[in-house]
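Enquirer: Below is the structure, and that's it, no one-letter string:
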């Protein structure tokens with residue numbers, strides 16, 4: 001009866017909230033915490049290094065992804081990790097008052113990263129297990145949109161709210177409130193998905209010994225690296241977001257840095273306003289349009305254009321760094337361009353991994369492998385971005401980023417397709 005009930009649950013009831021829950025921890029750890037630590041006096045180099053290093057679980061998640069197919073259900077792991085992340089964010093809030101707050105909260109955020117990475121494996125496994133290939137393409141735009149709405153809610157609404165609370169309560173108490181709010185949101189999402197999230201109908205293979213599990217894990221790895229074109233695909237998914245890896249940590253710091261330090265001297269309210277208004281609509285529109293664009297023309301015909309739209313907006317940040325405009329409209333326009341490009345281009349990479357790399361007996365694990373490798377391409381440049389930015393200054397740093405987009409565009413132009421679109425056959 002439960003399976004029949006699950007099958008009747010429309011994707012509109014769970015795809016948006018599932019991917020909102022996926023996006024929230026990732027974005028908070030990647031971007032919001034950089035502003036939090038910046039306001040609390042931590043150096044750019046420390047912020048960039050440590051907030052990048054704690055993202056390592058999103059790269060290493062292939063190591064434990066096969067075990068999620070052996071024990072319990074994907075729904076169990078989705079709900080459990082959402083609630084765990086919520087509790088840990090609440091603990092981070094209280095730890096911000098400690099004298100050694102940076103070390104303690106980084107350790108707690110690392111636990112959230114482990115939980116969030118595990119959540120991503122189970123969530124993507126649910127998406128691929130419940131929906132057909134055609135429905136995956138249909139809903140990919142909405143998936144990307146709500147993942148990115150989480151980014152808007154965090155970097156826009158919550159950062160704006162933090163600025164308001166800073167004026168009223170001071171920096172530390174303001175960020176304590178924000179972390180508590182995030183914790184409550186994650187716990188509420190976990191409760192909602194406990195009741196509404198469907199399962200894919202596949203039973204976990206319980207009762208296996210450790211030796212059998214390790215043998216299975218090895219078989220999953222071997223199967224992944226025997227896939228056609230796999231080494232080209234690995235290079236492709238690393239390079240696609242390589243330039244983004246450099247700017248992800250630095251852009252919030254650049255927006256907040258003083259004009260004397262080549263920044264734009266914006267307050268938290270102004271940053272939140274730009275992300276939450278200009279960026280919000282551009283993000284959602286870009287993601288949804290890309291989904292329909294791909295479904296009508298096919299991924300093979302559109303992938304290079306998606307990569308182009310994804311990478312070209314970095315020109316906007318270069319211009320903002322060089323001219324340092326005062327107008328919030330100009331700054332917001334640059335952010336709008338970047339967010340539209342990100343929303344439009346990212347769904348292409350997501351669908352490519354689902355339909356070109358993941359297919360096979362172990363599709364959930366292989367998608368986790370691919371997304372983990374993709375995150376490595378973001379994490380490594382992120383770890384050194386603070387050092388590079390300090391050495392070059394913001395002006396030259398963004399010019400450097402533009403050169404980092406060239407390999408991504410070149411490798412996308414020649415990427416082979418193992419499973420051509422039906423339109424191509």
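Expert: In hand now; what should we look at? Remember, predicted model here, so these are calculated numbers, not experimental data.
Enquirer: SS state for residue 126?
Expert: Following DSSP: H, G, I helix; E, B strand; the rest coil, residue 126 is assigned to helix.
Enquirer: Neighbours of it, how many?
Expert: By the criterion of other CB atoms under 10 Å, residue 126 has 24 neighbours. Glycine gets a C-beta too; all of them are placed from N, C-alpha and C.
Enquirer: measure it to residue 344 for me?
Expert: Distance of residue 126 to residue 344, given as CB to CB, to the nearest Å: 25 Å.
Enquirer: cool, residue 227 as well?
Expert: According to CB to CB, residue 227 and residue 344 sit 27 Å apart.
Enquirer: same question for the helix or strand containing residue 85, mean pLDDT?
Expert: Assigned by DSSP states H and E, residue 85 falls within helix 74-95. Throughout helix 74-95, pLDDT has a mean value of 95.
Enquirer: what helices or strands is it leaning on?
Expert: Contact partners of helix 74-95 among helices and strands, from 3 or more CB pairs under 8 Å, 6 or more residues apart in numbering; DSSP states H and E: helix 11-27, helix 101-130, helix 171-196.
Enquirer: Any buried residues in the shortest one, and which?
Expert: Applying a neighbour-count criterion of 16 or more other CB atoms under 10 Å, one finds 11, 14-27 buried in helix 11-27.
Enquirer: of these, closest to residue 253?
Expert: Nearest to residue 253 among these is residue 27, at 15.6 Å by CB to CB.
Enquirer: need the contact list for the closest one.
Expert: Shown in contact with residue 27 (CB atoms under 8 Å, 6 or more residues apart in numbering): 150, 151, 154, 155.
Enquirer: Over to residue 120?
Expert: Residue 120 touches 22, 26, 58, 61, 368, 371, counting by CB under 8 Å, 6+ apart.
Enquirer: go on, residue 25?
Expert: By CB under 8 Å, 6+ apart, the residues touching residue 25 are 85, 89, 112, 113, 115, 116, 119, 186.
Enquirer: Check what pLDDT it gets.
Expert: Looking at residue 25, the pLDDT reads 95.
Enquirer: what's the closest non-adjacent residue to it?
Expert: Nearest residue to residue 25 in three dimensions, chain neighbours excluded: residue 116, at 3.8 Å (CB to CB, 6 or more residues apart in numbering).
Enquirer: Now do that neighbour: how many residues are near it, please.
Expert: Per other CB under 10 Å, the neighbour tally for residue 116 reads 28.
Enquirer: Does it touch residue 85 like I think?
Expert: Yes. If you go by CB atoms under 8 Å, residue 116 and residue 85 touch, sitting 6.0 Å apart.
Enquirer: What segments of the stretch 251-400 of the chain are strands?
Expert: With strands called from DSSP state E, counting those that start in this stretch, the stretch 251-400 of the chain shows none.
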